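J.: Got a sequence here, can you build the structure:
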Amino acid sequence: MMLSRAIKFAPAARSLSTSVQNNMKVAVLGGAGGIGQPLSMLMKLSHPPAFVDEVAVYDIQHAKGVAADLSHIDTAAKVTGHDGEGELADALKGSNIVIIPAGVPRKPGMTRDDLFNTNASIVASLAEACAINCPEACIAVISNPVNSTVAIAAEALKKHGVYDPRRLFGVTTLDVVRARTFIAGKKGFDPKDVSVPVIGGHAGGTILPLLSRTEPATSFTDEERDALTHRIQNGGTEVVEAKAGAGSATLSMAWAGAQFAFALVRALNGEKNVVECTMVESDVTSCQYFSSQVELGVNGVERNLGLGDLSDYEKQKLEAEVIPELQKSIEKGQKWFHEQYQK
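T.: The predicted model follows:
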């Protein structure tokens with residue numbers, strides 16, 4: 001039996017405020033892209049208890065146009081646009097949350113790892129900019145391959161001496177969103193009533209939905225379990241193939257990213273018992289970074305809730321597939337960063 005446990009985080013190298021946040025600013029880096037535009041719009045549409053006061057849209061180009069468009073929406077959140085590296089600092093300064101969807105999308109036949117070199121460089125440079133301009137912000141990494149880019153972002157923050165494991169997240173929420181949707185479709189539930197943890201990573205076989213812990217409680221035949229697990233693990237490929245070269249999962253990813261961001265906003269504002277699945281620095285397995293349920297608070301991660309009880313099937317998948325593959329991706333990201341930035 002694998003029991004939930006609380007993870008204690010070492011004090012950060014700098015003093016952090018433990019008071020609730022006011023004037024919530026969210027920066028979306030890659031805000032003119034396929035994920036960034038709808039994600040920025042969802043931030044603009046925010047409302048209490050997860051209200052965002054300011055949305056800073058940044059991209060290498062076209063961010064000002066996106067911001068102008070969004071600013072005509074009749075909600076209270078302020079929107080600013082920032083084009084090019086020269087305006088990145090202004091986008092970041094004062095940010096409470098930074099969301100990073102920047103990067104190139106997958107095309108048919110590509111794996112998330114095929115995006116590695118391009119997106120690794122993008123995430124490293126953006127994380128360094130965060131370290132310089134908003135070192136206490138919560139950073140949520142969407143750019144694929146998340147299994148590697150989270151480790152790269154961590155190394156970039158460490159390079160500048162501002163890494164805080166409580167405030168760096170890999171956004172794996174889309175796997176939970178897909179699990180809820182697919183289970184609801186199979187069992188005739190309303191998706192909003194479904195709860196299911198998804199642990200591990202955010203690519204193929206590293207994604208492990210804990211179907212044995214589905215709520216409302218339900219049972220699955222072995223065939224249903226295998227089919228649902230496979231579909232949840234390969235939901236991204238399903239969208240890439242359906243779009244036939246026109247892109248990857250953008251709208252659903254924006255929705256999932258927004259749900260995670262809103263959870264962070266609520267927690268930073270002092271709401272209690274905010275629990276999300278997300279990839280963080282962790283000791284619940286041998287992988288340094290691992291996605292599991294965590295409780296969020298005013299400083300980011302308050303507690304890692306661990307793995308909880310797993311079925312024999314889930315234990316076998318975790319040990320034989322999830323951990324080995326995820327560990328390789330983490331090490332790949334760390335190795336890349338040190339080869340590129342610490343020669």
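
J.: How about the secondary structure of H82?
T.: Using DSSP: H, G, I helix; E, B strand; the rest coil, the secondary structure recorded for H82 is strand.

J.: Stretch 201-219: end-to-end distance?
T.: 25 Å (CA to CA, to the nearest Å).

J.: can you give me the strands for the stretch 51-200 of the chain?
T.: 54-59, 78-83, 97-100, 138-141, 168-170, 198-200 (DSSP state E, counting those that start in this stretch).

J.: Need those in JSON lines (columns: mean neighbour count, distance to R178 and mean pLDDT).
T.: No exception for glycine: its C-beta is placed from N, CA and C like everyone else's. Listed next are the strands of the stretch 51-200 of the chain as JSON lines, based on neighbours: other CB atoms under 10 Å; distance: least, CB to CB, whole Å; pLDDT from 0 to 100:
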{"stretch": "strand 54-59", "mean neighbour count": "28", "distance to R178": "26", "mean pLDDT": "98"}
{"stretch": "strand 78-83", "mean neighbour count": "20", "distance to R178": "29", "mean pLDDT": "98"}
{"stretch": "strand 97-100", "mean neighbour count": "28", "distance to R178": "19", "mean pLDDT": "98"}
{"stretch": "strand 138-141", "mean neighbour count": "27", "distance to R178": "18", "mean pLDDT": "98"}
{"stretch": "strand 168-170", "mean neighbour count": "29", "distance to R178": "16", "mean pLDDT": "98"}
{"stretch": "strand 198-200", "mean neighbour count": "27", "distance to R178": "8", "mean pLDDT": "98"}
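
J.: Kindly reformat those as CSV containing distance to T149.
T.: Formatted as CSV, the strands of the stretch 51-200 of the chain follow (distance: least, CB to CB, whole Å):
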stretch, distance to T149
strand 54-59, 17
strand 78-83, 21
strand 97-100, 8
strand 138-141, 5
strand 168-170, 7
strand 198-200, 16
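
J.: what's the average pLDDT for stretch 251-271?
T.: Per-residue pLDDT over stretch 251-271 has a mean of 98.

J.: Could you list the low-confidence segments of the protein?
T.: The chain contains residues with pLDDT under 70 at 1-22, 106, 112, 342-343.

J.: who's sitting farthest from the centroid in it?
T.: Residue farthest from the centre of the chain, counting by CA atoms, centre = their mean, is T221 at 30.9 Å.

J.: would you say R303 is within a helix?
T.: No - counting by three-state DSSP, R303 is not found in a helix; it is strand.

J.: beta partners of it?
T.: Applying DSSP bridges to R303 gives these bridge partners: E295.

J.: Neighbours of it, how many?
T.: For R303, the neighbour count with other CB atoms under 10 Å is 17.

J.: before we move on, what about K186?
T.: 14.

J.: does A242 sit in a helix, a strand or a coil?
T.: Classification of A242 using three-state DSSP returns helix.

J.: Against S252, how distant is it?
T.: 12 Å (CB to CB, to the nearest Å).

J.: likewise K315?
T.: The gap separating K315 from S252 is 29 Å, by CB to CB.

J.: quick one: contacts for the residue nearest to L210 when sequence neighbours are not counted?
T.: Excluding its sequence neighbours, the residue lying closest to L210 (CB to CB, 6 or more residues apart in numbering) is P197, at 4.7 Å. By CB atoms under 8 Å, 6 or more residues apart in numbering, the contact set of P197 is 176, 209-210, 213, 277, 292-293, 308.

J.: returning to that earlier point: give me the more crowded residue out of A242 and S252.
T.: S252 (18 against 10).
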